[in-house]
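[1] have a look; sequence and predicted model below, questions after that.
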Amino acid sequence: MTEIRAGEVIIDLPQRQDAALVFIGRIRTPWATSKDCPRQGDRETGPLCRLEIDAPFHAALKDLDRHSHAQVLYWMHHARRDLVLQSPRSDGQATGTFALRSPNRPNPVASSLVTIVSVGADHVLVRGLDCIDGTPLVDLKPERCPQAPRPK
């Protein structure tokens, strides 16, 4: 866990858990730490990132190459889950977690709209991610982007 900044508030997390996730793979990016990551990935010129899909889900990639963009859902596994007020600028001015795009949240699920570069039998190459290398992949959904041409 990271240090608490001035103005931040933490809570004791509930003991019950309401759901279970099945990670479908891992995300490979050039960033080793959250400080290395961009605030939001660039879908057009950002570095290539690889979505490595676990074997049981390889068949689910069928026809994904018909789409130019996808919504990638991932689990920010290094994020704090107990902050309800955060001071993003470390200035003591706290804001509610649900009013921020911070990775620190009760359920650290992230979503990025990415450009699909290519689809392989066990992976997808994309641009537009902003997470650390090895981040667990939760889901992948095709997205329609009206301004983007469809791949041939």
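    That came through, no problem.

[2] before we move on, what SS does L51 have?
    Three-state call for L51 (DSSP: H, G, I helix; E, B strand; the rest coil): strand.

[3] and the gap between it and Q71?
    Taking C-beta to C-beta, to the nearest Å as the measure, L51 falls 12 Å from Q71. (Each C-beta comes from the backbone N, C-alpha and C, glycine too.)

[4] do H123 as well
    In this view, H123 and Q71 are 17 Å apart by C-beta to C-beta.

[5] of the two, which one has the most company?
    It is H123, of H123 and Q71, that has more neighbours when counted by other C-beta atoms under 10 Å, with 16 against 13.

[6] quick one: residues contacting the more buried one.
    Applying C-beta atoms under 8 Å, 6 or more residues apart in numbering to H123 gives the contacts 50-53.

[7] which residues does the worst-scoring helix or strand of the chain on mean pLDDT contact?
    For the chain, counting by mean pLDDT, DSSP states H and E, strand 9-10 ranks last in confidence among helices and strands (a mean of 88). With contact meaning C-beta under 8 Å, 6+ apart, strand 9-10 is reached by 4, 80, 82-85, 94.

[8] which of those residues has the weakest pLDDT?
    Lowest pLDDT among those: I4, with 86.

[9] show me the contacts for it.
    With C-beta under 8 Å, 6+ apart, I4 has these contacts: I10.

[10] what do you get for the one 4 residues further on?
    When contacts are counted by C-beta under 8 Å, 6+ apart, E8 is found next to 83, 85-87, 94.

[11] from H78, how far off is it?
    Using C-beta to C-beta, E8 is found at 17 Å from H78.

[12] can you check L129 too?
    Distance of L129 to H78, given as C-beta to C-beta: 15 Å.

[13] ends of stretch 128-137, what's the gap?
    Using C-alpha to C-alpha, to the nearest Å, the end-to-end distance of stretch 128-137 comes to 15 Å.

[14] residues in contact with that stretch: which ones?
    Taking C-beta under 8 Å, 6+ apart as the rule, stretch 128-137 contacts 23-34, 36-44, 46, 49, 51-53, 72-78, 110, 112-115.
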